[in-house]
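>>> Build me a model from this:
(chains A and B)
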There are 2 protein chains.
Amino acid sequence: MTYCVALRLDRGLVFMSDTRTNAGVDNISSCRKMFSWSDGESSITLLTAGNLATTQAVVSLINERLKSPGERSPSILGQPSMFVVARMVGDLLKEEIARAGAGQMNADAGTFGATLILGGQVRGSAPRLFLIYPEGNFIEAGDDMPWFQSGETKYGRPILVRAFDPAMSFAAAVKLLMVSYDSTIKANLSVGLPLDLQIYETDSFQPGKTLRIEADDPQYHAISEGWSEALRAAFEQLPDVEL
Amino acid sequence: MTYCVALRLDRGLVFMSDTRTNAGVDNISSCRKMFSWSDGESSITLLTAGNLATTQAVVSLINERLKSPGERSPSILGQPSMFVVARMVGDLLKEEIARAGAGQMNADAGTFGATLILGGQVRGSAPRLFLIYPEGNFIEAGDDMPWFQSGETKYGRPILVRAFDPAMSFAAAVKLLMVSYDSTIKANLSVGLPLDLQIYETDSFQPGKTLRIEADDPQYHAISEGWSEALRAAFEQLPDVEL
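Next comes the predicted model:
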């Protein structure tokens, strides 16, 4: 499957993605799903979920356009707003899916589909975060919906619902994401370590701390084990039910 | 959707089911999904998920056979083992799905499908718990897989994975199920209160405590609110991540 999450905090954005790709449980591999671009005037991060050929094509096209932008195929950097960037990326995604599906006899609509999380900031406005559908349209995160998940969203959602706070520190947000990923990885084989993490601090206009959390990362394991214990202890503390 | 869970504890079985049924989000209703039968020699509990017409037909047939069992349509009570009961119920389910699908032009395989959780005890052996697939075959719970979920299983799974203990008391098990349901109900509109609870104590050969947890149940709300706080506190206690 894949699991991607991006959080919209008061102080910026935090992105996390897993790296597992699979074509069946007997064919798994590891592949980056996080990409970012910046030029000092804007900083853009993309998390990809879905058909890997589709998402890699979208990323390749973004990169090619950066090298030789034209009027008909503009670069995603140098745009006036994140909305315009989201439109561009959404259109690219829709075109790639249509292209892959054209002429196929046995493909249903979802075969080549992908869902993207796009976040970043263009100088002159606040950081913005979008969830782009395979149809190319998108929704934006706001105060009522301050994060987006894609892929295997369910196992990791309860802790986000309970512990997310827009005022939280980046360190706390990363801890929250580690817990959310840990719940997911424990339940779904198609989501796996290593994880990619990127922090974007408001008004920095460049990707902040970016790191890969490997399978043997001691902090991740401390969180995973600590969370098992903390969860059991929290459960014990709950009032007993009288039957 | 639906959310049903049954736990296999050292001291017996615990069953919980929600009551929401829906044909789209604009057409929801409330309907019992837990059924039980006993005669002092065996006690059997069934949790139903899936097409409501199918599951109600299965339950009606079980009830009709109890009134006038014959050689070709035996009653589920009076059988020599839970395995035989599971075979009977699985066959009934498979037949009903095939019957509903016969002659339909536009139905795919899943349209009339249902999944059943069947648990109980027949005198002479230990309590047993089965998950019966729409195909009529089934798997059995054991030490490695001590519970079954059906329907919307994902949101409520992480806490089961972390806090389940086969030696736990019935009260603790009910608390655990309430937490698991609360995480699910907070995330999926198609799972809703009231909940049905039934406890089966080993060698009792009759359903134990059976109650309906209504939407305004004070214990449920104490668990729900307490869990939010406990979870946040547990999260705070985790070691900080150094970035």
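>>> So which residues of chain A form strands?
A:3-9, A:12-18, A:20-22, A:28-30, A:34-38, A:42-50, A:114-122, A:128-132, A:138-140, A:147-151, A:195-201, A:210-213 (DSSP state E).
>>> now the angle between strand A:34-38 and the first one, please.
Here strand A:3-9 runs at 40 degrees with respect to strand A:34-38, directions being taken by axes from the mean of the first three to the mean of the last three Cα atoms, to 10 degrees.
>>> Just checking: what are the partner strands of strand A:3-9?
When pairs are called by DSSP bridges, strand A:3-9 turns out to pair with strand A:12-18 (antiparallel), strand A:147-151 (antiparallel).
>>> Contact partners for residue A:158?
When contacts are counted by Cβ atoms under 8 Å, 6 or more residues apart in numbering or on different chains, residue A:158 touches A:183, B:155, B:158, B:159, B:183, B:186, B:187. Placement of C-beta: from N, CA and C, glycine included.
>>> Nearest residue to residue A:118 in space, please, no chain neighbours.
Closest residue to residue A:118 in three dimensions, ignoring its sequence neighbours and counting by Cβ to Cβ, 6 or more residues apart in numbering or on different chains: residue A:130, at 4.7 Å.
>>> my guess is the one you found meets residue A:137, correct?
No: with contacts defined as Cβ atoms under 8 Å, residue A:130 does not count as touching residue A:137, sitting 10.0 Å away.
>>> So those two - more neighbours on which side?
Between residue A:130 and residue A:137, residue A:130 has the larger neighbour count (other Cβ atoms under 10 Å in any protein chain shown), namely 24 against 15.
>>> For the more buried one, give me its contacts.
With contacts defined as Cβ under 8 Å, 6+ apart, residue A:130 is in contact with A:82, A:86, A:117, A:118, A:119, A:138, A:139, A:140, A:141, A:148.
>>> Report the residue spans of chain A with pLDDT below the cut-off.
Within chain A, the stretches falling below the threshold (pLDDT under 70) are A:109.
>>> and residue A:97, what is it in contact with?
Contacts of residue A:97 were listed using Cβ under 8 Å, 6+ apart, and they are A:51, A:54, A:112, A:113, A:114, A:134.
>>> again with residue A:75
Counting by Cβ under 8 Å, 6+ apart, residue A:75 touches A:65, A:66, A:69.
>>> If you tally nearby residues, what's the number for the last one?
What it means is residue A:69. 14.
>>> could I get stretch A:208-221 in CSV with only the CA atoms?
What follows is stretch A:208-221 as a C-alpha-only set of coordinates in CSV (Å, rounded to 0.1, in the frame of the first residue of the first chain):
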residue,chain,number,x,y,z
GLY,A,208,14.3,22.0,6.8
LYS,A,209,15.5,18.9,8.6
THR,A,210,15.2,16.0,6.2
LEU,A,211,16.2,12.5,7.3
ARG,A,212,15.6,8.8,6.7
ILE,A,213,14.5,6.8,9.6
GLU,A,214,16.1,3.4,9.0
ALA,A,215,14.7,0.0,10.2
ASP,A,216,17.2,-0.1,13.1
ASP,A,217,16.7,3.5,14.2
PRO,A,218,17.1,3.6,18.0
GLN,A,219,14.7,6.5,18.5
TYR,A,220,12.0,4.8,16.4
HIS,A,221,12.4,1.7,18.4
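>>> circling back to that earlier point, closest to chain B out of the contacts of residue A:130?
Minimum separation from chain B among the contacts of residue A:130 (Cβ to the nearest Cβ) is found for residue A:148, which lies at 14.9 Å.
>>> Give me the distance between the nearest residue to that closest one once chain neighbours are set aside and residue A:115.
With Cβ to Cβ, 6+ apart as the measure, residue A:131 is the residue that lies nearest to residue A:148, at 4.4 Å, once sequence neighbours are left out. From residue A:131 over to residue A:115 the distance is 7 Å, taken as Cβ to Cβ, to the nearest Å.
>>> residues shared between the contacts of these two?
Going by Cβ under 8 Å, 6+ apart, residues that sit against residue A:131 and also against residue A:115 are residue A:150.
>>> Excluding chain neighbours, what is closest to the residue located most distally from the centre of chain A?
Of all residues in chain A, residue A:243 has its C-alpha farthest from the mean position, at 43.6 Å, by Cα atoms, centre = their mean. With Cβ to Cβ, 6+ apart as the criterion, residue A:243 has its nearest non-adjacent residue at 5.2 Å, and that residue is residue B:209.
>>> can you give me phi and psi for the one you found?
Note on residue B:209: its backbone torsions stand at phi -50, psi 120 [degrees, to the nearest 10].
>>> got a list of what it touches?
Shown here is residue B:209, whose contacts under the criterion Cβ under 8 Å, 6+ apart are A:243, B:170, B:197, B:198, B:199.
>>> Turn those into a markdown table, columns for distance to residue B:106.
As requested, those are arranged in a markdown table below (distance: Cβ to Cβ, whole Å):
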| residue | distance to residue B:106 |
| --- | --- |
| A:243 | 47 |
| B:170 | 46 |
| B:197 | 38 |
| B:198 | 38 |
| B:199 | 43 |
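>>> Neighbour-wise, give me the winner out of those residues.
residue B:199 (24 neighbours).
>>> what sits against it?
For residue B:199, the residues meeting the contact criterion (Cβ under 8 Å, 6+ apart) are A:243, B:12, B:13, B:14, B:15, B:170, B:174, B:207, B:208, B:209, B:210.
>>> please redo it, this time with the cut-off set to 6 Å
Neighbour list for residue B:199: B:14, B:170, B:208, B:209 [criterion: Cβ atoms under 6 Å, 6 or more residues apart in numbering or on different chains].
>>> next one: residue A:151
Neighbouring residues of residue A:151 by Cβ under 6 Å, 6+ apart: A:1, A:2, A:3, A:4, A:49.
>>> Report how many residues lie close to the residue nearest to residue A:35 when sequence neighbours are not counted.
By the measure of Cβ to Cβ, 6+ apart, the closest residue to residue A:35 outside its immediate chain neighbours is residue A:46, 4.7 Å from it. Here the count is done by other Cβ under 10 Å, and residue A:46 has 27 residues near it.
>>> Return the distance of residue A:46 relative to residue A:61.
When Cβ to Cβ is the yardstick, residue A:46 and residue A:61 sit 12 Å from each other.
>>> is residue A:132 in a bridge, and if so with what?
Residue A:132 has these beta-bridge partners by DSSP bridges: residue A:116, residue A:138.
>>> Pull the number of nearby residues for it.
27.
>>> Am I right that it is in contact with residue A:116?
Yes: in this structure, residue A:132 is within contact of residue A:116 by Cβ atoms under 6 Å, at 4.2 Å.
>>> For residue A:39, give me its contacts.
Contacts were defined as Cβ under 6 Å, 6+ apart; by that measure residue A:39 touches residue A:77.
>>> And it, how far from residue A:206?
In this structure, residue A:39 and residue A:206 are 9 Å apart, going by Cβ to Cβ.
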